[in-house]
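J.: Quick one, what's the 3D model for this:
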Amino acid sequence: EQLSESGGGLVQAGGSLRLSCATSGRPGSSAAMAWFRQVPGKVRDFVATISWSGSVAYYADSVKGRFIISRDNVKNTAYLQMNSLKPEDTGTYYCAVRRSSELGASRQAAEFAFWGHGTQVTVSS
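T.: Okay, here's the model as predicted:
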């Protein structure tokens, strides 16, 4: 399984970005996915997760109502639409995939087997 994030960048507070995570190999679009973010010196924090079907999604309280996670299983790609961005949303965003399709959406980083290299998001005030 290989994951590749894109879509990060520099944006002013209040702006929007859409991150993409393209997967290849297995389990790919058959497994739950998630986005996490990390700033230097801190642990990787949960942002959002989505089941393989897309019918179940969970969000961190800090992004609820502003971020939307989605996926296109035909394109083997997950997305994170980020609106009303705040400076505290700054960080490196990583997408992750669970090991098999039997495993559901999760908020726990330790439950994800495959990770991308991350894409940087910087929100200026």
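
J.: Centre-most residue in this protein?
T.: Note on the chain: the residue nearest the mean C-alpha position is residue 35, at 2.2 Å, using Cα atoms, centre = their mean.

J.: Would you mind measuring the gap between the ends of stretch 89-108?
T.: 19 Å (Cα to Cα, to the nearest Å).

J.: List the buried residues in it.
T.: Buried residues in stretch 89-108, counted by 16 or more other Cβ atoms under 10 Å: 89-98, 101, 103-106. Bear in mind the C-beta positions are built from the backbone N, C-alpha and C, glycine included.

J.: just stretch 3-18 next, same as before
T.: 3, 5, 7, 8, 11, 17.

J.: For it, what does the pLDDT average out to?
T.: In this model, stretch 3-18 has a mean pLDDT of 97.

J.: That one: end-to-end distance?
T.: End to end - Cα to Cα - stretch 3-18 spans 16 Å.
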